[in-house]
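1. Quick one, what's the 3D model for this:
(chains A and B)
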Amino acid sequence: MFITYQILFPLVFMILLLEFIVPKKIRSFLLLALSFFLYYICGTAGFFILPAVGIVSYVVTVAMEKSHSASAKKALLISGITLLIVLMAIYRYTAINKLAPLGLSFFALEAISYISDCYNGKIKAEKNPLYVLLFIAFFPTVISGPIERGGNLIPQFRKLDSASRKELFDINRLCDNAIIIIFGMFVKLVIADRLAILSDHIFTTYYRYGTSVLIIGAVSFGMQLYCDFMAYSHIALGIAGMFDIKIMDNFKAPYMSLSITDFWRRWHISLSSWLKDYIYIPLGGNRKGKLRKYLNTFITFAISGVWHGSGLTFLIWGVLHGLYNMIENILTDIGIMKKNKSNMPFGARFLRATFTFILVDFAWIFFKADSVQHACSYIIQMFTVKDFWILSDMNKFFSLGLGAQELFILIFALMILGGMDLIAYKRDIRIDQWLNIQGPVFRMIFTLAILLYTMVFGLYGEVADPASFYYMSF
Amino acid sequence: MIKRRKNIFRFIELFIFLIALIFISTNLMNILIEKGTSTNPRMHNVYEGYAKNTDVLFVGSSHAGHLVGRNLWRDYGIAAYTIAGNSQPVDVTYHSIIEFLKYEEPSVIMVETALIPDDNMEEPDTEYEGKIQSDAAFKYSENYLQMAREQIKNFNLPFTEEGVQLLYKWPVVHSRYSELTKDDFVTDAPYLVSDVHPLTSVPDEEAEIVTTDERAPISDIGREYLDKIIALFHEKNIPLVLFHTPYPAPEISMAQQNTISDIASQNNVPYIDFNYLVEEIGFDVQTDQAADLNHLNLSGGEKITAYLGQYLLDNYNLKDHRNDPGYETWRNDQKAWEDYQLREEFESSSNIEEWGEHFGEHCKDYLVIMTLSGDHTSESNGSIQSILEEVPAPEDFYSKGGTIILYHGELLYYSYNAETFSYSHKFGNSVVSVDRLMPNKEYMSQSDKDDRNDGVYIWGENYVKKTSGLSVFIYDENLDIVIDSVGMSPDAEGNELKREENDK
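-> Okay, here's the model as predicted:
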C-alpha cells in the first residue's frame, strides 16, 4: 500500500519549505532523504534493493568512465545490465515474487538506461553518488514512473543545488504544478476509481452477462487504466515540478490516436521511448530491411508484455500489439493505410480513432484478465451471448456497480477529461498551459471547480484506497 | 518588471483562490456533516443557535436521550437541551460538553453515567469503532481535532488509515453526498430538544432492579474522562450533576456505578442513581421500562423528569421561563411534541367516524386542505359530508368538488367553479401548492394508481390520497409537520381511511 495523500502532500509542502530555507547545497540531499523516507514508509519488501540499484549504477558507470579498455567497459556494461535483468527476473518469475520491492520494474529500467547511456557516451558518468541515487530513488517517479533518463534528471538536480531562492520560489511554476496535481487527483479519484468499480464487477462476474455489458466492462477497464495511470503521471509530474524538476509527460490523449503506431507515441511514452531506445534500436530498428523491422517491432512489444507481468496474459497482450504494429506497418508500406493523416476529414479520423480504440481495448481484456482462460471465456461470451435489452432496462443497467447518481458524476467528469484530451491532442499542451492561455479568472474558477468536485465526489476515505494505482503492481 | 507584475497577480489569484476554497469548503462541510438525529447528538442545532438560553444540558448515552426533557419546560419552565447518542462513548460526551459550552452557558449540566465504566473503550468492536466517526457531528475545530487525536490514541486506530481520515474529517464526511436530504440543507426541526420518538413498549418478561453495596472498578478511559469532566466543571464553575437512570442492570454495573458515586462524592459532585429511588418516584419496571429492559419508556421518562424538575428548582437558581422571550425553541418543541402525539391519535383512528371526531376537535389549529374529485357525490352513507360539516366549507363545495384551503379555520382558498386550477402559497420555508389539471368528470375514470402530476404538494410530495373521493391534508405550517393526510372513498367499505399513496 502506498502512503496516503494526507501524509504525502503535507510532507511535500514541508520539504518545499525546507528546500527554501536550507543551504543550497543540501537541497538534493533533502530530496533524497524524503525519497527514501517515503519509500520506506510505503512498507515495501526489500527496501534495500532501491539504494543497492543506485549504488550499482553509480559504481558501474564510474568504473566505465575510469576504464580505458573498451572490452572492460563492455564487460562492465553487460554485467551491470545482466545483474539488473536477473534481479527483475528473480523477483518476477521465482517464488519470491511476493517480496518484490515496489517499483522495481521502473527504477531498474532507469538504471539500465543510465548505464547504457554512459556506455554509449550520450551522457557522462555522474561523479556525485548523491545525484545517481536521487535519480534512481526520486520519489515522484520511483513507484510507477515515468521511466526517466539520467541525462534529463541529473543536470536538473545539480541545477537545484545551485538555484537562487528566487528561482526556486517561482509562484507561477508552483501554482501551475499544483493545477497539474489537482487535475491528476480529479482524474484518479473521480473517474478512475469509479470505473474500477464497474470494470472489477463485470470482469469478476462476466459469466452472468452478454455482449453489451461485457463491452461496457472492456471499455470501462480501458478508460480506468488510462485514467489511473495518467492521473499518477500527472501527480508525479506536478510534484516533481514543484521542486523545479521537469519529468516526462507520459500521456498525450492516447485514445484519440488514429493508428496503433500513433497510440504508442501517446501511451506510456516513457516506456515506449525506453523500449525504442534500448530494445528496438539495438535490435537493428528499421535499418536492416522491412522484414527485420517487422520482426524487431514484434519482439519489442513481446518484451513489453513480459515486462508488465509474468503471466501468459501479458505476453499475449504484448504479442497482440506486436501483431497490430506489424500489420499496420505492412499496410502502410504497401500503401493501403495513409501515412499522412493531417489532411484527413473528421469522419475518417473519427472512424480511425474508433477502430484503433477497439483494437487497443480488445487487447486490454488480456491485460485485465486473471488468466488466458478467463480472457478467452470473456471474449467468447462477449461475442455469443446477446443481451442488448439490458441497455433499455435501467434497473439492470444501474446494478452493474454504479447507480444513476454515480454514473452521472462519472459522465460529467469524463466530459471534462474528454475536453482536456481534445486540447492535448490538437494543441499538444497540458492543462496548466491551456489554463494559462484562458486567463486568471477562468483558471481560478476551473481549478476551484475540479478541486471541489474531487473533494466531494472523489472516492476516498472509508470507501476506497485512493493511493493504490494500477501500475504499482508491475 | 513584467515578470514581477505577473508574479504579483499570481499571488493575488492564489490568495483569492484560497479564500474561495476555504469559504466554499467550510459551507460544504456544514452541509455534509451529520446533523444529528433523535438518536445522535444534535450538535448542528446548537451551531444554528437553537439551543440559545439553555438552562440545563442533559448529555450522555441513549439513556439520557429517553428522558422527556420537554416536561421540564411544560411543567417547570426549565429550558433543557439534550445531546445524547446511541452508545455515545464518554470521550464524545466530554467533547460534546466542551463544544456546547462554546456556544451556550447552561446553569446546570447533567451527565448520564451508564456508559462511563464501559470497557468497550479499550477493546472496541467494529460497530463501536464506526460510531466514533459518525457520532462526531462537530464542526471542524480544535476541540474536534483534540477528540480525533484522543480517539486515535484510545482506540489504537492505524494512523495512516482511519487515524489520518479522522483528523482531516473530510474523508469521513465527504461520501455523504449520496445521502443528503432536505434536512442537510434546511434545519428541518430546529425546535427538537430531545427525542421525538419515545419508547412506548413495556417489558414482556419479569424483571427487577438490582442494588448493591459492592464496588467494582471502572475502565481506565472511563475514569480518565470522568475526571476530565469533573475538572472541566470546576474550571468553568458550572454545577455538574451525575445521574443514572433506572433499569435492571447486572450487579457488576451497579457496583461500577457505586464507584462513580464515590468519585462524585470525593469531588463534591451530586450523583443521583434512580435505581435507589424507584419507590420514591413510583417507578415500576413492568410499566415504566421499555421492552429492551434498558431504556425508559415514555411513562418512566416522565416520572424521572418530574423528579429532576423539582430537584433542579430546589437546588439551583432556575426560573420559570414559559412567558419569557427568547425561548421559542422550547415553545415550538412543546408544540411539536403535541403535534406528534396528535398525529398518533389520528393514525390510530380505525374509521372515518372516529377520525372525524379528532378532526373536528383540531382542524381550527392547523392548515387544512380538502380536495373533492371524481364521483364523491355518489356516497349514500354521508361520511364525506359529515367530515365537511366540521369545517366552514362553502355550500356548493360538496356538489361541485375542487379544493378548499382552510387556514386555522378561515377559508384561504376555494377553487369555485374552475374546472382546472393551480394555486400555491408560501408558509415559512415551505410552499404548499395545489394543481388540478383536468375536469372533474375525467377523474371518475382515473385510477389512484395512474401517474398524475396534479394534487396537493409540499416539498414535492403529493398528499392527495384519493382520486375519486375526499382527500384531507392537515399540516402545521409553522413547524412544517404533516399531522395527517388521508383519503376517503364514497361508501368506503367499513368507513375505511386510505393513507398509502396511490392507494386503491
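
2. The nearest residue to residue B:97 once chain neighbours are set aside: which element?
-> Take residue B:97 and drop its neighbours on the chain: the residue closest to it by C-beta to C-beta, 6 or more residues apart in numbering or on different chains is residue B:59, 5.9 Å away. Yep, even glycine has a C-beta here, placed from its N, CA and C like the rest. Assigned by DSSP states H and E, residue B:59 belongs to strand B:56-60.

3. who does that strand pair up with?
-> In the sheet, strand B:56-60 lines up against strand B:80-84 (parallel), strand B:108-112 (parallel) (DSSP bridges).

4. Tell me the residues of the stretch 301-450 of chain A that contact chain B?
-> Within the stretch 301-450 of chain A, the positions lying close to chain B (C-beta under 8 Å from any C-beta of the partner chain) are A:405-406, A:440, A:443-444, A:447-448.

5. Which residues does the strand holding residue B:59 contact?
-> For strand B:56-60, the surrounding residues in contact (C-beta atoms under 8 Å, 6 or more residues apart in numbering or on different chains) are B:64, B:67, B:69, B:72, B:78-84, B:88, B:93, B:96-97, B:100, B:104, B:106-115, B:194, B:312, B:318.

6. does the closest residue to chain A within chain B sit in a helix, a strand or a coil?
-> Chain B approaches chain A most closely through residue B:171 (3.3 Å), counting by C-beta to the nearest C-beta. Three-state assignment for residue B:171 (DSSP: H, G, I helix; E, B strand; the rest coil): helix.

7. you'd agree it is up against residue B:165?
-> Yes: using C-beta atoms under 8 Å, residue B:171 is in contact with residue B:165, at 4.0 Å.

8. Residue 343: how many residues sit nearby?
-> I went with chain A, as the question did not name one. As a burial measure, residue A:343 scores 7 neighbours (other C-beta atoms under 10 Å in any protein chain shown).

9. Chain B is the one I meant
-> With other C-beta under 10 Å as criterion, residue B:343 counts 16.

10. Which strand or helix spans it?
-> Applying DSSP H and E, one finds residue B:343 within helix B:328-347.

11. and after that helix, which helix or strand comes next?
-> Sequence order places helix B:352-362 as the next helix or strand after helix B:328-347, per DSSP H and E.

12. ok and the very next helix or strand once past that next one relative to helix B:352-362, angle-wise?
-> Using DSSP H and E, the helix or strand that directly follows helix B:352-362 along the chain is strand B:367-373. Between strand B:367-373 and helix B:352-362, the angle comes out at 140 degrees (axes from the mean of the first three to the mean of the last three C-alpha atoms, to 10 degrees).

13. can you give me the helices for the stretch 101-250 of chain B?
-> Secondary structure of the stretch 101-250 of chain B by DSSP state H, counting those that start in this stretch: the helices cover B:126-134, B:142-154, B:164-168, B:170-173, B:182-185, B:220-236.

14. among the ones you listed, which is the most enclosed?
-> Neighbour counts (mean count of other C-beta atoms under 10 Å in any protein chain shown) averaged over each of the helices of the stretch 101-250 of chain B peak at helix B:170-173, with a mean of 22.

15. for it, packing partners?
-> helix B:2-32, helix B:164-168 (3 or more C-beta pairs under 8 Å, 6 or more residues apart in numbering or on different chains; DSSP states H and E).

16. Mind telling me which of those the model trusts least?
-> Lowest mean pLDDT of those: helix B:164-168, a mean of 80.

17. Go ahead and report the secondary structure state at residue A:195.
-> Of the three states, residue A:195 takes helix under three-state DSSP.

18. nope, residue B:484 is what I meant
-> Reduced to three states by three-state DSSP, residue B:484 is strand.

19. For it, grab the count of nearby residues.
-> Per other C-beta under 10 Å, the neighbour tally for residue B:484 reads 24.

20. Residue B:420 contacts residue B:436, correct?
-> Yes: between residue B:420 and residue B:436 there is a contact under C-beta under 8 Å: 5.5 Å.

21. who's more crowded, those two?
-> Neighbours per residue, other C-beta under 10 Å: of residue B:420 and residue B:436, the larger number sits with residue B:436, 24 against 14.
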